[in-house]
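A.B. asks: Test case, fold it:
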Amino acid sequence: MSAKLGTVLAAAKADNRAALIGYLPAGFPSVEGGIKAVNALVEGGCDIVEVGLPHSDPVLDGPTIQTADDIALRGGVRIKDVLRTVQEVADAHPAAAVLVMTYWNPVDRYGVARFAADLAAAGGAGVILPDLPVEESLEWRAAADEHGLDTVFVVAPSSKDKRLAEVTAAGSGFVYAAAVMGVTGSRAQVGELAEDLVARTRATTELPVCVGLGVSTAKQAAQVAGFADGVIVGSAFVQRILDAGEDESAGLAAVRALAAELAEGVRRH
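C.D. replies: The predicted structure follows:
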């Protein structure tokens, strides 16, 4: 586990609460606006932030994040802008951990060793790679280890116990447990299988287990915080910015306010 990510998760545990992890894609609604928005996540109460690397075919993301990615890509966002976002947030908030959430293809095209080196130089703590099979991750994990980066893999309710053990043995930082089957997006209820998935995952590893997909309210955050080490929220933040339209200040205020509500939620349990 990277020193930064380990420190942040340990601090939340010492405070007898789950960590709050917020996601927003870089370049959304613009590169400058995206940097402000990710900063607003931390200002509102997120302990860890995921900076999304927009992709033209985000197969695991629902319509909300797909819309944000499309806006970012049409705005011309590049990997250098993602790294700049990481660096500016890491510099502004040294107590927070900054991760990149990305599909594998952009990293592969950029260059595995180059991406790891540049992310570390920007102050990143690691990456979440939802579509990289652990069997094909050796090159990346070697580069990540060389630069002190964590590699977070995703497990799902459909994952068998043997597969959970394989995934958790390969990962570091924390395990991303998908609360529901399907794509990202806010939901009225957090998947009932989430608590069972966390228990089964913990049986295979000492890594913290953080739950995402579907959390959008303080009540849901409190529910998940009752059995997970971290609560991950993405689409709900994206939706706040979309709802604000051209009013950047309103979007930032809405993101900051939601982060504060969710931070209260993870402490409520």
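A.B. asks: what's around the residue lying closest to Ala260 once chain neighbours are set aside, how many residues?
C.D. replies: Nearest residue to Ala260, sequence neighbours excluded (CB to CB, 6 or more residues apart in numbering): Gly44, at 4.6 Å. To be clear about C-beta, it is placed using only N, CA and C from the backbone, and glycine gets the same treatment. Neighbour count of Gly44, defined by other CB atoms under 10 Å: 22.
A.B. asks: how close does Gly44 get to Pro133?
C.D. replies: Here the criterion is CB to CB, to the nearest Å. By it, Gly44 lies 35 Å from Pro133.
A.B. asks: repeat for Val152
C.D. replies: Going from Val152 to Pro133 by CB to CB gives 14 Å.
A.B. asks: What of Leu207?
C.D. replies: For Leu207, the distance to Pro133 - CB to CB - is 18 Å.
A.B. asks: of those two, who's got more company?
C.D. replies: Legend: neighbour count by other CB under 10 Å for Leu207 and Pro133, higher for Leu207 (21 against 12).
A.B. asks: Can you check which helix is longest in the chain?
C.D. replies: Determined from DSSP state H, the single longest helix within the chain is helix 248-268.
A.B. asks: Output the contacting helices and strands for that helix.
C.D. replies: strand 19-25, helix 31-44, helix 218-225, strand 230-233, helix 235-244 (3 or more CB pairs under 8 Å, 6 or more residues apart in numbering; DSSP states H and E).
A.B. asks: Past the second one, which element shows up next along the chain?
C.D. replies: Translated: helix 31-44. Downstream of helix 31-44, the first helix or strand assigned by DSSP states H and E is strand 48-52.
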